[in-house]
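A.B. asks: A structural model of the following input is requested.
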Amino acid sequence: MAQADPSGRGPAPVLVRVAGPAGGARRRGRGPLRVLLAMLLTALVAGGAVPYVAGPGRAYLSYLVLAERADPGGAGRAAQEARAAGGQVVQEYPQIGAVLAYAAGGFAERVRGRPGVAAVGATRTSPVPGPPRSVDGAGDFRTGTDGGDRAGGPGGADGDTTVTVPDPGEQDAWNLALLGAAGTAPGPPRAPDAPGAAALRKVLVAVLDSGVDDTHPDLRAAVDPKSSASCADGRPDARTGSWRPDSGVGESGHGTHVAGIVGAARDGHGVSGVAPGVRIAAVRLLGPLGQYYAENIVCGLLWAADHGARAVNNSYFADPWKYNCPDDPDQAALTAAVGRAVDYARRRGAVVVASAGNDAQDLGAVRTDERSPNDRTTGAPQSRSLGPECVRLPGELPGVVTVTAVDRDGRPSAYTNHGRGRVSLAAPGGDPDGGTQRAVVSDWPGDRYAALAGTSMAAAHVTGAVAVAAALHPDWDSDRLAALLAAAADAACPPGPHACADHEYAGAGALVLPR
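C.D. replies: Just a heads-up that it's a prediction; the model follows:
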């Protein structure tokens, strides 16, 4: 599961699976393929899963096929070659010249090297019984059509063990105070000339995550149903409520927490977001098996871009490989696919923001990955020694604003990943060992609140700041908006040992709200 980077366990009620919706132990089945089938059926009944078509004793993997042409014609060519090799195409991505196909073994080898094909990669390592069924009434990327009500309500109740906190009444928002001026005593959470709710309401930002509970009082007015969807199996599903968290999947409240940091209403109750009044496109990526596969990310980025998002928040990492290496053809293809989607979103005007991760690793150095592949159903993970060429998706892709975490004192959080030239900005992420006063309090499904710490929280602050910048400068493109945040952080950073002066840990500096 993306951004599942445990950094130790702090006192309740801080959720110390610090970096994301998959924060911590992953649910893993055991046994042969028949156990996997049982798991899938259970998820289908209990977790609102999109059903899969059962094949006669066959096992399928999902593949992304990329054409040499990153356009609709390329997508058509990729679909043609995928079908010729025995694959079933379940989604085309015409914006980037790619398709999602399901096939049995040997598919990638049959398609690689075909005329017009640039790359092919399996997006998972554990098979499923077959391709997903069609979704009646699902919307396409551009129209956001609504195909009727989705069964079930918002998640966060059944199976949710997160310790929650009382309504904070918008008090002691140290994380917002830190955005007043980096390196100084806490200031007001908003600059005097910051845009008001009317200007922010014209700005749309997308939260790609585990789903958002749009029935939460802090988020009812923020989430835009016409711009929200599920991409939990790589296909846009715009049916009503599809974007809400799935209570059958562990820690599915993470996206609601992130959305609250971005844009919770300022009304004297609960929490206030960095950009109260902004519209939020809630895009659920977390699938019924608890994974953030590359096709989910591609679908989410394209959906957000085509619906006009000015910022896209990504507080996770792609499954099943925590780091994707260019010498592995599958991982190289996934990197290329997500990279194309990031480029498309940026060209459409969106600043793509991502968390740096919570392994306390230098992303520019040799490091160890002991968790991949994390979708396996049996056996131990591989222990891989990786060089800097192996990257987290999407956080280490070119053009992404990658965010590290600082604590309440403005110093780098102990868990945060870092790396000179690998990270862009630092923002409040909190301390998982410091209690509720040193974590970030935000919304949780079911009208509740929780205290979490991690680079997931830090990234959400930056996404909110992009919304403020876009409200101030509605005609600026994505590169100019990102440059504004970097320049503001650099200008506000005094000399000294704090995070904002350490480019290895903070990139340009610690986030301040643009004026």
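
A.B. asks: and the gap between residue 442 and residue 263?
C.D. replies: Distance of residue 442 to residue 263, given as Cβ to Cβ, to the nearest Å: 11 Å. Where C-beta positions appear, they are placed from N, C-alpha and C, glycine not excepted.

A.B. asks: cool, residue 372 as well?
C.D. replies: Between residue 372 and residue 263 the computed distance is 33 Å (Cβ to Cβ).

A.B. asks: Run a quick neighbour tally on residue 88.
C.D. replies: Per other Cβ atoms under 10 Å, the neighbour tally for residue 88 reads 16.

A.B. asks: That one is in contact with residue 101, isn't it?
C.D. replies: Yes. Applying Cβ atoms under 8 Å, one finds residue 88 in contact with residue 101, separated by 6.2 Å.

A.B. asks: Is residue 385 part of a helix or strand, or is it coil?
C.D. replies: strand (DSSP: H, G, I helix; E, B strand; the rest coil).

A.B. asks: Now do the helices in the protein.
C.D. replies: Ranges of helices in the chain, per DSSP state H, are 33-46, 72-84, 107-111, 174-177, 197-200, 254-263, 294-306, 329-347, 455-472, 478-491, 503-506.

A.B. asks: Could you list every helix and strand in contact with the last one?
C.D. replies: Using 3 or more Cβ pairs under 8 Å, 6 or more residues apart in numbering; DSSP states H and E as the contact test, the elements touching helix 503-506 are strand 401-406, strand 425-428.

A.B. asks: Columns distance to residue 140 on top of the ones you listed, output as JSON lines?
C.D. replies: Formatted as JSON lines, the helices and strands packed on helix 503-506 follow (distance: least, Cβ to Cβ, whole Å):
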{"stretch": "strand 401-406", "distance to residue 140": "28"}
{"stretch": "strand 425-428", "distance to residue 140": "34"}
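
A.B. asks: Save those as TSV, and put in mean neighbour count and distance to residue 282 too.
C.D. replies: Formatted as TSV, those follow (neighbours: other Cβ atoms under 10 Å; distance: least, Cβ to Cβ, whole Å):
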stretch	mean neighbour count	distance to residue 282
strand 401-406	30	20
strand 425-428	32	21
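
A.B. asks: how near is residue 97 to residue 335?
C.D. replies: 15 Å.

A.B. asks: same check, this time on residue 257
C.D. replies: The value you get for residue 257 to residue 335, if Cβ to Cβ is used, is 28 Å.

A.B. asks: quick one, which of the two is more surrounded?
C.D. replies: Taking other Cβ under 10 Å, residue 257 and residue 335 do not tie; residue 257 has more neighbours (33 against 25).

A.B. asks: got any ranges where the stretch 51-200 of the chain has weak pLDDT?
C.D. replies: 51-57, 136-139, 142-161, 181-194 (pLDDT under 70).

A.B. asks: if we go to 80?
C.D. replies: For the stretch 51-200 of the chain, the stretches with pLDDT under 80 are 51-58, 135-163, 181-197.

A.B. asks: where does the chain have its least confident helix or strand?
C.D. replies: The weakest-scoring helix or strand in the chain, judged by mean pLDDT, DSSP states H and E, is helix 33-46 (a mean of 38).

A.B. asks: ok, residue 101 touching residue 61?
C.D. replies: No. Counting by Cβ under 8 Å, residue 101 stays clear of residue 61, with 9.5 Å between them.

A.B. asks: Quick check: neighbours shared by the two?
C.D. replies: Residues touching both residue 101 and residue 61 (Cβ atoms under 8 Å, 6 or more residues apart in numbering) are residue 107.

A.B. asks: Looking at the two, which is more packed in?
C.D. replies: residue 101 (29 against 20).

A.B. asks: What's the local residue count around the closest residue to that one other than its chain neighbours?
C.D. replies: Closest residue in space to residue 101, ignoring its immediate chain neighbours: residue 87 at 3.6 Å, by Cβ to Cβ, 6 or more residues apart in numbering. Neighbour count of residue 87, defined by other Cβ under 10 Å: 28.

A.B. asks: mind listing what residue 87 touches?
C.D. replies: So residue 87 contacts 63, 65, 101-103, 107, 111 (Cβ under 8 Å, 6+ apart).

A.B. asks: wait, residue 446 sits on residue 245?
C.D. replies: No. Using Cβ under 8 Å, residue 446 is not in contact with residue 245, being 9.9 Å away.

A.B. asks: Neighbour count: the two, which is higher?
C.D. replies: Taking neighbours as other Cβ under 10 Å, residue 446 and residue 245 compare with residue 245 leading, 31 against 19.

A.B. asks: Now that one: phi and psi?
C.D. replies: phi -70, psi 150 (degrees, to the nearest 10).

A.B. asks: burial of residue 409, as a residue count?
C.D. replies: Neighbours of residue 409 using other Cβ under 10 Å come to 11.

A.B. asks: okay, now residue 420: neighbour count?
C.D. replies: Neighbours around residue 420, by other Cβ under 10 Å: 14.

A.B. asks: Show the contacting residues for it.
C.D. replies: 364, 503-504.

A.B. asks: do that again at 6 Å, thanks
C.D. replies: Shown in contact with residue 420 (Cβ atoms under 6 Å, 6 or more residues apart in numbering): 503-504.

A.B. asks: any idea how far it lies from residue 331?
C.D. replies: Relative to residue 331, and taking Cβ to Cβ, residue 420 is found at 24 Å.

A.B. asks: where's residue 390 relative to residue 175, distance?
C.D. replies: For residue 390 relative to residue 175 (Cβ to Cβ), the value is 31 Å.

A.B. asks: The two: which has the busier surroundings?
C.D. replies: Counted by other Cβ under 10 Å, residue 390 and residue 175 do not tie: residue 175 has more neighbours, with 26 against 23.

A.B. asks: what residues are up against that one?
C.D. replies: So residue 175 contacts 428, 440 (Cβ under 6 Å, 6+ apart).

A.B. asks: and the closest residue in space to residue 438 that isn't next to it in sequence, how many neighbours?
C.D. replies: Excluding the flanking residues, the one nearest residue 438 by Cβ to Cβ, 6+ apart is residue 431, at 4.2 Å. Look at residue 431: counted by other Cβ under 10 Å, it has 25 neighbours.

A.B. asks: Double-check residue 431 against residue 440; I have them as touching.
C.D. replies: No. Using Cβ atoms under 6 Å, residue 431 is not in contact with residue 440, being 9.7 Å away.

A.B. asks: Dump stretch 420-435 to PDB, keeping only the CA atoms.
C.D. replies: Taking C-alpha atoms only, stretch 420-435 is exported to PDB below (Å, rounded to 0.1, in the frame of the first residue of the first chain):
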ATOM      1  CA  ARG A 420      20.000  17.100  -1.900                       C
ATOM      2  CA  GLY A 421      18.500  17.700  -5.300                       C
ATOM      3  CA  ARG A 422      15.800  15.100  -4.600                       C
ATOM      4  CA  VAL A 423      13.300  17.100  -2.500                       C
ATOM      5  CA  SER A 424      11.600  20.400  -3.200                       C
ATOM      6  CA  LEU A 425      10.100  21.800   0.000                       C
ATOM      7  CA  ALA A 426       9.600  21.000   3.700                       C
ATOM      8  CA  ALA A 427       6.300  21.400   5.500                       C
ATOM      9  CA  PRO A 428       4.600  20.500   8.800                       C
ATOM     10  CA  GLY A 429       4.500  16.700   9.200                       C
ATOM     11  CA  GLY A 430       4.700  16.400  13.000                       C
ATOM     12  CA  ASP A 431       6.200  13.900  15.400                       C
ATOM     13  CA  PRO A 432       4.700  10.500  15.900                       C
ATOM     14  CA  ASP A 433       6.200  10.200  19.400                       C
ATOM     15  CA  GLY A 434       5.000  13.600  20.700                       C
ATOM     16  CA  GLY A 435       1.400  13.000  21.400                       C
END
